[in-house]
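[1] show me the folded form of this:
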Amino acid sequence: MNLESTISLLESKIEKCVVEKDKHAYLEGPCFDIKRNRVNAEYCKGLLRLGEKPEIVKKMVDYLISTQNADGSWNEIHPYYDKPSSLITSIVGDALLEYYKKEQERYLKDAIDAAKNYVMSNAKEPGYFIKSSNFRQDHLNVDITCADFLSAYGAYFSDTKTQEIANKTVEHVRDHQFENGVFPYRVDTEEIKTSMEVPCIHYQGVTIYYLHKTLENLNFDDITWLKKGLEWLEKTQKEDGKFDWSFSGFMFAYHLTGAYGFAYASYECSDDSDSYSKHSNQCLDELERNMDELLLRWEKGSWLNLITSFEAIIKSSQRGSDSFSELLYNFGYASYREFSRRRYTMNPKKDFLFEMLKELLSIETSTIEPSKNFPDLFMTTECFDCLTYAKSNKSN
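    As a prediction, the model looks like this:
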């Protein structure tokens, strides 16, 4: 696959999920009857970059504005969770800002300003943003996604305050980078001591992607630390193009297909993109391999290598495990994922095994982690966003 054909494939899959109602349009996937602000915003951004479907973009933008809360926020929406979020507000705000640059409508500016104010109000300290009411820990990928929106706002409207906050956020993310280049999934705070300050292949790509976008709007002379993060990501990709998930210690993101979209954009937006061309092309191949009705939630696996995958599970389970009980939990989670990704369903909402395990282990979750793989609109729009950004970045 090449970039253009992969983007075209993703777009054709997402297009089937568009629902038009009067003056509004939104996406609704085949597996869940929920309308996620994030997937609508990511699809809009991709279409704006491609210059396609202006009528749909207009309707989706108007739909997004109709779902904005009175405080300027948008909700993060999952099957089990629907709460205001600075992360989602930043992603939607960024999409509206891109549309405003073209249309210059006052109602758009009002919505964008309200979003900016909400995101800034959720800065707990310089560089650290509260994701939502239920998730108040310091997630570096959340921090830099908020900084991406604020830096874009500051660059376009010449707002020094938002630029200053974005700068401090980049420094915050840089200062918590591990010596080996890893940007951990979450960092410890004085209030919350966690065992989730661990490497994660998926969120390494997410963090680098949004760092690239943020740094476009700022003046940072030294980015050797960012290149170091990219080198770590490259090391996790095996000769056949698949990721070696034994490098990852965050089980929720284990084998997520979106990792290949974020990795592609991270490679291609770097100053030394030519040296990563092999890895970039392999990412596109993996996205195609894992395409069904939509992009699958997790990358496919063969039953023939299920047993050999346990070597990676053991290594992964040890990352960030401070006790034997945590190691057992991580081992069980990773084993469950290895089993799940090898099966398939179009109805993950009714997964009795997951519901039973959830009750048995007292697991609190915002989404469904079924015992079967499924076509996921969430992963598909994430990758559409990443790939269209990489394409527009190359052409500029």
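[2] secondary structure element for Asp148?
    helix 140-157 (DSSP states H and E).
[3] from the chain's centroid, how far away is that helix?
    15 Å (C-alpha atoms, centre = their mean, to the nearest Å).
[4] quick check: mean pLDDT of that helix?
    Average pLDDT, helix 140-157: 98.
[5] could you do stretch 348-362 as well?
    Mean predicted confidence for stretch 348-362 is 73.
[6] again, but for stretch 383-396
    91.
[7] return the set of buried residues in it.
    Cys383, Phe384, Asp385, Cys386, Leu387, Thr388, Tyr389, Ala390, Lys391, Asn393 (16 or more other C-beta atoms under 10 Å). (Glycine included, C-beta is placed from N, CA and C.)
[8] can you tell me the SS state at the fourth one?
    What it means is Cys386. Secondary structure assignment for Cys386 (DSSP: H, G, I helix; E, B strand; the rest coil): helix.
[9] any idea how far it lies from Ala265?
    Remark: distance between Cys386 and Ala265 (C-beta to C-beta, to the nearest Å) = 4 Å.
[10] again with the third one
    Asp385 is 9 Å from Ala265, where distance means C-beta to C-beta.
[11] please apply the same query to the first one.
    Remark: distance between Cys383 and Ala265 (C-beta to C-beta) = 9 Å.
[12] got it, and the last one?
    In this structure, Asn393 and Ala265 are separated by 8 Å, where distance is defined by C-beta to C-beta.
[13] cool, and the second one?
    In this structure, Phe384 and Ala265 are 11 Å apart, going by C-beta to C-beta.
[14] now the helix holding Asp148: buried residues?
    Residues of helix 140-157 classed as buried by neighbour count (16+ other C-beta under 10 Å): 140-155.
[15] stretch 257-277 too?
    Buried residues in stretch 257-277 (16+ other C-beta under 10 Å): 257-270, 273, 276.
[16] among these, which one has the lowest pLDDT?
    Ser273 (87).
[17] my guess is that one meets Ser266, correct?
    No. Counting by C-beta atoms under 8 Å, Ser273 does not reach Ser266; the two are 9.7 Å apart.
[18] ok, now which ones touch Ile313?
    Applying C-beta atoms under 8 Å, 6 or more residues apart in numbering to Ile313 gives the contacts Ser246, Phe331, Ala334, Ser335, Glu338.
[19] next up, phi/psi of Trp298, please.
    Note on Trp298: its backbone torsions stand at phi -120, psi 150 [degrees, to the nearest 10].
[20] that one touches Arg341, doesn't it?
    Yes. Using C-beta under 8 Å, Trp298 is in contact with Arg341, at 3.9 Å.
[21] so what sits against both of the two?
    His255, Asn373.
[22] quick one on the thing from earlier: find residues that contact each of Cys386 and Ala265.
    With C-beta under 8 Å, 6+ apart as the test, Cys386 and Ala265 both reach Tyr209.
[23] most surrounded residue in the contacts of Ile313?
    Neighbour counts for these, by other C-beta atoms under 10 Å, peak at Ala334, which reaches 25 neighbours.
[24] what helix or strand is it on?
    Per DSSP H and E, Ala334 falls inside helix 324-340.
[25] quick one: list the elements packing against that helix.
    In terms of contacts (3 or more C-beta pairs under 8 Å, 6 or more residues apart in numbering; DSSP states H and E), helix 324-340 is packed against helix 310-318.
[26] residues of the helix it packs on that come out buried?
    Within helix 310-318, the residues scored as buried using 16+ other C-beta under 10 Å are Ala312, Ile313, Lys315, Ser316, Ser317.
[27] and for Trp303, the neighbour number?
    Counted with other C-beta under 10 Å, residues neighbouring Trp303 total 9.
[28] surely it and Arg342 touch.
    Yes. Between Trp303 and Arg342 there is a contact at 5.7 Å, judged by C-beta under 8 Å.
[29] related to what we said a few turns ago, any idea which of the buried residues of stretch 257-277 is closest to Asn373?
    Using C-beta to C-beta, Thr257 comes nearest to Asn373 of the buried residues of stretch 257-277, at 9.5 Å.
[30] surely that closest one and Glu382 touch.
    No. If you go by C-beta under 8 Å, Thr257 and Glu382 don't touch, sitting 9.1 Å apart.
[31] just to revisit the earlier point, what mean pLDDT would you report for the next helix-or-strand element following the helix holding Asp148?
    With elements assigned by DSSP H and E, the helix or strand that comes after helix 140-157 is helix 160-175. The pLDDT scores in helix 160-175 average 97.
[32] got the contact list for helix 160-175?
    So helix 160-175 is contacted by 116, 120, 123, 126-129, 140, 143-144, 146-148, 150-151, 153-155, 183, 207, 211, 214-215, 217-218, 220, 225-226 (C-beta under 8 Å, 6+ apart).
[33] and the next helix or strand past it?
    Remark: after helix 160-175, the chain's next helix or strand is strand 186-187, criterion DSSP H and E.
[34] what pairs with that following strand, parallel or antiparallel?
    According to DSSP bridges, strand 186-187 forms sheet pairs with strand 138-139 (antiparallel).
[35] could you list the low-confidence segments of the stretch 51-200 of the chain?
    189-195 (pLDDT under 70).
[36] rerun that using 80 as the cut-off
    For the stretch 51-200 of the chain, applying pLDDT under 80 flags the ranges 80, 133-135, 188-196.
[37] still on that earlier bit, helices or strands next to the helix holding Asp148 in the packing?
    Contact partners of helix 140-157 among helices and strands, from 3+ C-beta pairs under 8 Å, 6+ apart: helix 86-103, helix 106-121, strand 128-129, helix 160-175, helix 201-215.
[38] great, nothing more from me.
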